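**Q** this one's sequence-less:
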């Protein structure tokens, strides 16, 4: 992706760890299938059938996950099935894959919206807030589903989304809740083994029904597509993508089997006031059966279950909406659908037409189809998609394996993909007995896609760049210049870029450093990272402005880096480029009380493993008098060193200033002497001044009036501590009206510990 | 235990064993390929498969 004419390279910011992408997959799977599917599966195939349904589906899903894992390890780019089909079969099949993926994700989104509505309304009815007849309850559920779908379509339009870590934590929470349910099931059985009688009869409706229930619950295993989509964002994708796919399916399979077991044994037959077996009673509630059964299992189960459903269904709904939007956006971008589908909102930077199309499908399906039809339609569409991927894995291994570098190859090839294909065909064929609508809708959508392709896409599709050349992963080249010290300067705005130049110049000269200019381009979740060049114009301008000044003086590397989260992107760039110092500008405005300096600077300061220098109003800096407030914190030595570097000349006055009466008493003389010796600064460079005052901040602000620059060491407090108890350096940064520099020294092993935690 | 229950337990046990084996096998293979370089993927796969 290097652009030689501009001498600016661009790269993708890989921020998602194995844990995060595994949790992404798990979160997508535990969204609706288990909550809607367990009750209906018990209704159709009985208490034994529900457990075998989820375990056998898990095995078939592992076969398909292995196909996805092999292809993703060889082709670690965003695009999933759309990309695999293009490389394996060409344009027409890739269109069908993208077309199916759009519909499958959208319908899965409808299923999540319905799950949310059913469980929230059920909880409100249980509390006595809603006392309506069955028909009106259904209408209220549909309205709630439409409301939540609209809300998340709007959130996606705004471009907001959960960050990787928060999303992973929410998913971990809901998974743990389901695991707790499973464990509770085993505990109640160990205390009261008579509950195992609930498994008699084991398969009351015969073994044939197993394929039916496996068909409509298969939607509960559709998370690896979203992992494949994260190919551009994952750290070490060749290794982590296949692992995440296989782990996520295995985790949910064990969880589902445990949950299904707990559901069956949750109720004691004797406690039921009705004349029917436990499985019949649970099954009679259909999609609500899981909730009704679990409510008997443990205290507060109703409340906790509703909470888990709210988190699970909304995070999965959000993920499916942006996943479906990406699929339709890609079709529009490649002119396989009208190019309007790839239009980006000027204000919000999100693909609003693709989002509207996705929203229309989500709402239409949620309103007009019955719950079982929605689940079955989603299942059937994913079965078609996985069927295609299993064929792709065979075709690509046979025809192109010599050209590709695999990070994983599935065993027992080609028997496993063939077995998966046979099972998937069987599941589709058996779905007709629960949902004829799904059997009509699924193939009709594929047929419609083929018509659209032959009538429109074939004539209009554009040739996209390098379909095979993208397979090589980009390596970050560390410049081979003679300097060992690297400074990273993220620039955001062409108007403010020049204010960083003078200070960067001084520090680079003092450290004999190589300068890396970096512009982070934030790309919304709804757009693949590989399309990020549509967002990079402003960053290019800013970088070119700075290069004009610095490039003749120092070795300067310039990079535009695409990311989902700017702070995470900067921290990962620091590590990849082996940076020694980070220099950033700060506009001086605090927009939210949650942050000391801002939503980007705070996490960057806390997580950076290198020295950090934050500049405020340092554009035309002439530092003849520098004030360095010292309170004995971890960064005061580095603050003195930076003051020496930033001083206009050797005669400039640098004052180490301490306010006595504050919390700490320090030996200022010893500190100054130690700094002078360890940093090779001439003896007597710093003057010492001590002032008595009740309020440290007021004393420093008053003293600062006579100086050109204030340099202060950052606090050692974490972001959370600062939220409750703002620190002096951050308060000074806000109130000081003089040019201001805040510094934080690299904290070695502590930073690495923080990173891993 | 009824005949259906015995068959059900056998199926469940077999499925869980196969799944676990496949997951650990895949993990082992991915780590091996990652250590020895991607170009040897086919060779390593054959070695592990015996």
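**A** In hand now; what should we look at? In this text the structure is predicted, and so the values were computed from the model without any measurement.
**Q** Residue A:22 and residue A:230: what is the separation?
**A** Separation of residue A:22 from residue A:230 (CB to CB, to the nearest Å) stands at 11 Å. C-betas here are computed from N, CA, C, even on glycine.
**Q** repeat for residue A:312
**A** Separation of residue A:312 from residue A:230 (CB to CB): 19 Å.
**Q** Centre-most residue in chain B?
**A** residue B:22 (1.7 Å; CA atoms, centre = their mean).
**Q** for whatever residue of the stretch 201-350 of chain A ends up closest to chain B, what are its contacts?
**A** Nearest residue of the stretch 201-350 of chain A to chain B: residue A:202, at 4.0 Å (CB to the nearest CB). Neighbouring residues of residue A:202 by CB atoms under 8 Å, 6 or more residues apart in numbering or on different chains: A:46-49, B:2, B:4-5, B:8.
**Q** again, 10 Å this time
**A** Residues in contact with residue A:202 (CB atoms under 10 Å, 6 or more residues apart in numbering or on different chains) are A:45-49, A:51-52, A:279, B:1-9.
**Q** And residue A:217, by the same measure?
**A** Taking CB under 10 Å, 6+ apart as the test, what residue A:217 contacts is A:33-34, A:36-38, A:40-41, A:44, A:50, A:53-54, A:57, A:256, A:260, A:375-376, A:379, A:427.
**Q** Doesn't it belong to a helix?
**A** Yes. Counting by DSSP: H, G, I helix; E, B strand; the rest coil, one finds residue A:217 located in a helix.
**Q** Among the contacts of residue A:202, name the buried ones.
**A** Neighbour counting by 16 or more other CB atoms under 10 Å in any protein chain shown classes A:45-49, A:51-52, A:279, B:4-5, B:7-9 among these as buried.
**Q** so how far is residue A:711 from the residue lying closest to residue A:745 once chain neighbours are set aside?
**A** Among residues not flanking residue A:745 along the chain, residue A:638 sits closest, at 3.9 Å (CB to CB, 6 or more residues apart in numbering or on different chains). Separation of residue A:638 from residue A:711 (CB to CB): 9 Å.
**Q** a markdown table for the buried ones among the contacts of residue A:202, including secondary structure and pLDDT?
**A** Shown next, in a markdown table, are the buried ones among the contacts of residue A:202 (DSSP: H, G, I helix; E, B strand; the rest coil; pLDDT from 0 to 100):
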| residue | secondary structure | pLDDT |
| --- | --- | --- |
| A:45 | helix | 92 |
| A:46 | helix | 93 |
| A:47 | helix | 94 |
| A:48 | helix | 93 |
| A:49 | helix | 93 |
| A:51 | helix | 95 |
| A:52 | helix | 95 |
| A:279 | helix | 91 |
| B:4 | helix | 90 |
| B:5 | helix | 91 |
| B:7 | helix | 93 |
| B:8 | helix | 92 |
| B:9 | helix | 93 |
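**Q** what about chain B, any weak spots by pLDDT?
**A** By pLDDT under 70, the weakly predicted segments of chain B are B:37-50.
**Q** again, but for the stretch 151-300 of chain A
**A** Ranges of the stretch 151-300 of chain A meeting pLDDT under 70: A:159-167.
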